[in-house]
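Chemist: pasting the structure only:
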């Protein structure tokens, strides 16, 4: 399959569960282009420490096996709660500072709604007012090319006050471009000339260039976005694919964790305000996600991540399982990772819009997922009336048990 075009920065998306979307398209918008694909990946996450303010103390974040680590306290007078999660437990969120009832990422303690930047812009001020975050074009280049994100969020910008959730796909994007590879469900690059066969070896071969690119994006965002406002990076969708048996030189799970640590450290090198999310593959071994990713997550430094997140392929709002064809559940993922979940509605084949997912607009469904650990949904293709849906459903939603 060939990729489609999406957000205002040319977000190329799509793919069904277990695969990454096509080679991606590009779309003009706010100065950015994109050529990558979207897919489902792996999970992980970290609890974040609060910053000390006048009269306030910073919270600490402790992570326990299977526990949900809470966000630490904010500045300006709010003392941070220590988030020590025990086995199977879920720690509370840290204390909010004056006028900041939320956590260290989102300023409001509530369920969060977001969409891609072009859909937000098309919806105008009335939709933007209902949103908490947005997703720009994917990070794919050899050097920073997302000035438009900074322009949109600067004072007076169209998306001022909204948190960017940026999909970082540099490892895959760079090796696809340099070696003529396709995503795993694309056949136009020739037999086995794709990320599921050549990806692990090519990423390892180009590690220096990939790390240099991550540092470039860190520097670029530090210069134009600053180092105080929150920003979230959803790391490398479908990272699990590099451990597959079809790879010419598959990584061990431990090697995957080590490589991810290098990527995160490079990206946060100049961005102390950055938070990270590790992508979720609901089909991970053993037995198609039956352990909810616990064995896979054990290979990662979970202290590096604030969230786990889904991408591409769509997710279930109305069932305990993330996807019908896999065994992983929302609650199991939260338990195994110890992290709040950022969910999305995905795309159809070839990056074609799957349309608005009405199941993620039902208060009863959202409340069930809130109880399972989901803290946000991104409707990638909402209709023009979605602003009314959000305003109508928000008052019916439960307060999340933790507020990152």
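Modeler: Sure thing, it's come through. What you see is a predicted model; the values in this text were computed from it and never measured.
Chemist: show me the contacts for residue 204.
Modeler: 249, 251, 259 (CB atoms under 8 Å, 6 or more residues apart in numbering). Where C-beta positions appear, they are placed from N, C-alpha and C, glycine not excepted.
Chemist: In these, which residue is surrounded by the most others?
Modeler: Each of the contacts of residue 204 was scored for neighbours by other CB atoms under 10 Å, and residue 251 scores highest at 23 neighbours.
Chemist: Do I have it right that that residue meets residue 240?
Modeler: No. Contact between residue 251 and residue 240 fails when scored by CB atoms under 8 Å: they sit 9.8 Å apart.
Chemist: And the strands in the stretch 201-350 of the chain, which stretches?
Modeler: 231-235, 274-279, 307-309, 341-344 (DSSP state E, counting those that start in this stretch).
Chemist: pLDDT of the longest one, averaged?
Modeler: Here the mean pLDDT over strand 274-279 is 98, rounded to a whole number.
Chemist: Tell me the buried residues in that strand?
Modeler: 274-279 (16 or more other CB atoms under 10 Å).
Chemist: residue nearest the centroid of this structure?
Modeler: Taking CA atoms, centre = their mean, the centroid of the chain lies closest to residue 234, which sits 3.3 Å from it.
Chemist: That residue reaches residue 163, doesn't it?
Modeler: No. Residue 234 lies out of contact with residue 163 (CB under 8 Å); the separation is 12.0 Å.
Chemist: quick one: common contacting residues for those two?
Modeler: With CB under 8 Å, 6+ apart, residue 234 and residue 163 have no common neighbours.
Chemist: any idea where the helices of the stretch 251-400 of the chain begin and end?
Modeler: Counting by DSSP state H, counting those that start in this stretch, the stretch 251-400 of the chain has helices at residues 253-267, 294-297, 330-337, 363-372, 386-394.
Chemist: and these, which is most packed in?
Modeler: Highest mean neighbour count among the helices of the stretch 251-400 of the chain (mean count of other CB atoms under 10 Å): helix 330-337, with a mean of 25.
Chemist: Tell me where the model's unsure across the stretch 201-350 of the chain.
Modeler: 347-350 (pLDDT under 70).
Chemist: Would you mind listing the buried residues in the helix ranked longest in the chain?
Modeler: Determined from DSSP state H, the single longest helix within the chain is helix 207-224. Neighbour counts over helix 207-224 (16+ other CB under 10 Å) mark 210-211, 213-218, 220-222, 224 as buried.
Chemist: between it and helix 253-267, how big is the angle?
Modeler: Helix 207-224 runs at 30 degrees relative to helix 253-267, counting by axes from the mean of the first three to the mean of the last three CA atoms, to 10 degrees.
Chemist: roughly how far is helix 207-224 from the heart of the chain?
Modeler: Relative to the centre of its chain, helix 207-224 is centred 18 Å away, using CA atoms, centre = their mean, to the nearest Å.
Chemist: Over to stretch 363-383?
Modeler: On CA atoms, centre = their mean, the centre of stretch 363-383 falls 14 Å from the chain's centre.
Chemist: Could you shift the numbering so residue one becomes 817, and keep it that way?
Modeler: Yep, numbering from 817; the last one is stretch 1179-1199 now.
Chemist: And stretch 938-958, how far out from the chain middle?
Modeler: Using CA atoms, centre = their mean, the offset of stretch 938-958 from its chain centre is 13 Å.
Chemist: Quick check: mean pLDDT of that stretch?
Modeler: According to the model, stretch 938-958 has a mean pLDDT of 96.
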